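Novice: this is a predicted model, with the sequence first.
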Amino acid sequence: MTLQDYSIVGMRVAREDALDKVLGTPIFTADMIPKDTVFASVVRSSRPHARILSLNPKAALSTAGVMRFIASRDIPGVNNVGTLIRDKPFFCQDVVRCIGDPIGAIIAESRDAAEEGARQVEVEYEDLPAIFSPLEALQPNSVKIHPNGNICRRLRIRKGDVDRGFRESDVIVENEYTTQMQEHAQLEPETAFALPPDQDGIITVVGPWQDTFDVQDAVALVMAKKSSEIRAVQAQAGGAFGSRCNEIANELACLVSLSASLIGKPTAIIMSREESVTAHSKRHPFFMKYKTGAKRDGTLVAEEIRLICDTGAYASAGPGVVMRATVHCTGPYVIPNVKADSDLVYTNNPYAGSFRGFGCPQVHFAAESQMNCLAESLSMDPIALRKKNLLRPGSETNTGHVLGTSVGLDECLSKVAERLNLLALPSPERGSTRGVGIAIGYHGNSLGPEGGDRCGALVSIHAD
């Protein structure tokens, strides 16, 4: 047999889980919750930035079905569920930095009782100045959201001589762009359940997360256990787009694991849609300023870019997102002179994290808009302008990476242009026009700029 015999490229492949989904087999987390399970509900901040003065669960504990209130004092290990940067408490003790910050949780005999109990917990706040604009957060006299300031990560690219490049340019186009926060809106809200420690002290926790080993490590850290004492099981995910990664997965897994250990019974949490929208991470909003210079024949000469990325109250996956955005910010084009400055900035907005594209959709929107504006200034066909400057085998990217043989942009764009020329647009309605547009994006495989693109397998057998 040859290697091709093992290839599935171009072949019809049956989905492994298709029949189970059609038959409604219990494959999702909420379908598998044990019968004797108790439920948790999180007490979340109603303020974007405030000091916690007092926390009173007395009324909640008198609610029918409520069993216990848990907070930071009940955590046996480290009170943190941060991923790339450990800046997000599992339960906030002193300060809340965004609406939806977890302060404590109610454990009850039913989901309804847990949610009602959580509403009854009284929290007294002292409001602090809140910042919702990353531009404001960058001001020298701005309120510090975290002790080290509001700049979470700063990145720079310098290639060639941008000032000379603009002097040599015949046409210069300058524009500002913004993209908004975006909600994942996955079909299945966040959920998880955990079993009490078994006779060997091992906690089993189940949920639809995307980073199983991160969850395992987070639970081990909070529970003051070894990772080998946490059995994290990944259930089928009812939609994700990045929403199953990062802090929300860690938070829920730690909560049900802690409760199962304290109560001695299986514990589950099923978030409502409202809580899901409030509490999990979003797509990063960007402010982008572009200045692009070109020759009269369309040859790109220089580009200067300013990126300001709003990561919200916590870093989450932001350092990786802003790195990928910076690496891809010029689009898939050859530009000999590049200057790019990027800041990842804390605000009191909901925190932003993993979301499909990981920073590339935002910068490609700006980069491709620039190409269209440049084509208009040059009275040049937008496709011809792109083809003239595309990355090809042997091209050097804005970070100095020389590309190998697998660069299919030119062929891809030619095929698309060919199809567009044959496209018969339907007749427009009266008073309107129809047209077609084109945009190009490129995206590094796997982690791309955030880490090495490689894989392997290592099997180790441990005594436990």
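Specialist: Cool, the structure landed. Numbers count the residues shown, from 1 in each chain.

Novice: Leu385 sits in which helix or strand?
Specialist: Element membership for Leu385 (DSSP states H and E) is helix 382-389.

Novice: helices of the stretch 151-300 of the chain, start to end?
Specialist: For the stretch 151-300 of the chain, the helices defined by DSSP state H, counting those that start in this stretch occupy 162-167, 212-223, 246-263, 273-279.

Novice: between the ones you listed, which gets nearest to Glu376?
Specialist: helix 162-167 (19.2 Å; Cβ to Cβ). Every residue, glycine included, has its C-beta placed from N, CA and C.

Novice: elements contacting the closest one?
Specialist: Here helix 162-167 touches strand 286-294, strand 300-312, strand 337-346, going by 3 or more Cβ pairs under 8 Å, 6 or more residues apart in numbering; DSSP states H and E.

Novice: let's test this: mean pLDDT of that helix, rounded?
Specialist: When pLDDT is averaged over helix 162-167, the result is 98.

Novice: buried residues in it, which are they?
Specialist: For helix 162-167, the neighbour count (16 or more other Cβ atoms under 10 Å) marks Val162, Gly165, Phe166 as buried.

Novice: ditto for stretch 353-368
Specialist: Buried residues in stretch 353-368, counted by 16+ other Cβ under 10 Å: 353-355, 357-368.

Novice: picking that back up, buried deepest among the helices of the stretch 151-300 of the chain, which one?
Specialist: Greatest average neighbour count among the helices of the stretch 151-300 of the chain goes to helix 246-263 (a mean of 26), per mean count of other Cβ atoms under 10 Å.

Novice: and it, what does it pack onto?
Specialist: Using 3+ Cβ pairs under 8 Å, 6+ apart, helix 246-263 sits against strand 38-44, strand 66-70, strand 102-108, strand 191-195, strand 203-207, helix 212-223, strand 267-270.

Novice: which of these sits closest to Asp127?
Specialist: strand 102-108 (15.2 Å).

Novice: would you mind giving the orientation angle of the helix or strand following the closest one with respect to strand 66-70?
Specialist: Counting by DSSP H and E, the next helix or strand C-terminal to strand 102-108 is helix 111-120. Orientation check (axes from the mean of the first three to the mean of the last three Cα atoms, to 10 degrees): helix 111-120 against strand 66-70 gives 50 degrees.

Novice: got the contact list for helix 111-120?
Specialist: For helix 111-120, the surrounding residues in contact (Cβ atoms under 8 Å, 6 or more residues apart in numbering) are 38-43, 57, 59-61, 63-66, 69, 105-108, 268, 270, 272.

Novice: and that helix, what's buried?
Specialist: Buried, per 16+ other Cβ under 10 Å, within helix 111-120: Arg111, Ala113, Ala114, Glu115, Glu116, Gly117, Ala118, Gln120.

Novice: switch those residues over to CSV; also include distance to Val95.
Specialist: What follows is the buried residues of helix 111-120, written out as CSV (distance: Cβ to Cβ, whole Å):
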residue, distance to Val95
Arg111, 29
Ala113, 29
Ala114, 25
Glu115, 25
Glu116, 27
Gly117, 24
Ala118, 20
Gln120, 23
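
Novice: so, low pLDDT: which residues of this protein?
Specialist: 1, 3-4, 446-453 (pLDDT under 70).

Novice: identify the residues contacting the residue nearest the centre of it.
Specialist: Central residue of the chain (Cα atoms, centre = their mean): Ser354, 1.3 Å from the mean position. Ser354 makes contact with Gln210, Gly242, Ser243, Cys245, Asn246, Ser281, Ser316, Ala317, Val321, according to Cβ under 8 Å, 6+ apart.

Novice: would you mind writing the ChimeraX command to select the buried ones in these?
Specialist: The following ChimeraX line selects those of the contacts of Ser354 that are buried, judged by 16+ other Cβ under 10 Å:
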select :210,242,243,245,246,281,316,317,321
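
Novice: closest one of the contacts of Ser354 to Thr292?
Specialist: Val321 (23.2 Å).

Novice: re earlier: for the buried residues of helix 111-120, which one is nearest Arg158?
Specialist: Nearest member of those to Arg158, counting by Cβ to Cβ, is Ala118, at 50.7 Å.

Novice: before we move on, back to that, can I get the helices of the stretch 151-300 of the chain in JSON lines including distance to Arg306?
Specialist: Compiled in JSON lines, these are given as follows (distance: least, Cβ to Cβ, whole Å):
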{"stretch": "helix 162-167", "distance to Arg306": "12"}
{"stretch": "helix 212-223", "distance to Arg306": "32"}
{"stretch": "helix 246-263", "distance to Arg306": "26"}
{"stretch": "helix 273-279", "distance to Arg306": "31"}
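
Novice: so which of those is nearest Ile33?
Specialist: helix 246-263 (10.2 Å).
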